[in-house]
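1. sequence unknown, structure follows:
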Ligand code: SF4
């Protein structure tokens, strides 16, 4: 369930404004193994055609501010394990750093979903983060094919390096539409991640529902996975809606 309040204005999180498109009060899937609420922050610099929250690509989609989130969190202390900042791209907003710190001070573990477009801000938020789900969208030199924005690959690769260097608990996740990634692309991504030291990888089959409809409604199946790649990881999951 999404909580919306169209009358609310973005408000201070502790270090800046927060623009929130909606809050899911209760989720068991957005942070594997945790019971968490999810704050969907509005605004993203990339334009992946499979985006499930394409409405949130614009910051104008914000209907809630920081105080909406924190008054909700006050009512959920000791009832939830944590809060996940998702989006959109949460690190597009400087205020998410103060928000993560404030959530920690309230006693919540803090998770982050990110595409890796803001490596320096990722470095800044790490002291207040317990887990990260990082999108790895394509082989690094083919990133622009998925994000539709030039120069995306090096930013995402740097974000991954920052996470691995910090040793933060993380999951790499790759959304697979057959028009955007071939089986060889998937094999290449998997081999590269494993070589870098990623332990947890999830491949997520494309879901048409919720997208802008620009891709054909085609998907992939576990049997499409290239042989042997999943075995390179301590934990691998093929996700279908
Ligand atoms: S990076 Fe994420 S939020 Fe941004 S357009 Fe791509 S899928 Fe959507």
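-> Yes, it's here. Note that this is a predicted model, so its numbers are computed, not measured.

2. how about the residues of the chain near the ligand?
-> 44, 46, 47, 48, 51, 53, 57, 87, 88, 89, 115 (Cβ under 6 Å from any ligand atom). For the C-beta atoms, the positions are set from N, CA and C on the backbone; glycine is no exception.

3. what's the lowest-pLDDT member of these?
-> Among the residues of the chain next to the ligand, residue 53 carries the lowest pLDDT, at 88.

4. Strands of this protein, start to end?
-> Using DSSP state E, the strands of the chain run over residues 11-12, 17-18, 20-27, 36-41, 82-87, 109-114, 131-135, 169-176, 200-205, 235-239.

5. what angle separates the fourth one from strand 109-114?
-> Spelled out, it's strand 36-41. For strand 36-41 against strand 109-114, the angle by axes from the mean of the first three to the mean of the last three Cα atoms, to 10 degrees is 40 degrees.

6. for the record, mean pLDDT for strand 36-41?
-> Strand 36-41 comes out with an average pLDDT of 98.

7. For it, which helices and strands make contact with it?
-> Other helices and strands packing on strand 36-41, by 3 or more Cβ pairs under 8 Å, 6 or more residues apart in numbering; DSSP states H and E, are strand 20-27, helix 66-75, strand 82-87.

8. Bridged to the residue positioned nearest the centre of the chain, which residues?
-> Nearest residue to the geometric centre of the chain (Cα atoms, centre = their mean): residue 113, 2.5 Å. Residue 113 has these beta-bridge partners by DSSP bridges: residue 133.

9. what pLDDT does it get?
-> On pLDDT, residue 113 comes in at 98.

10. which residues touch it?
-> Contacts for residue 113 (Cβ atoms under 8 Å, 6 or more residues apart in numbering) come out as 30, 84, 85, 86, 87, 90, 132, 133, 135.
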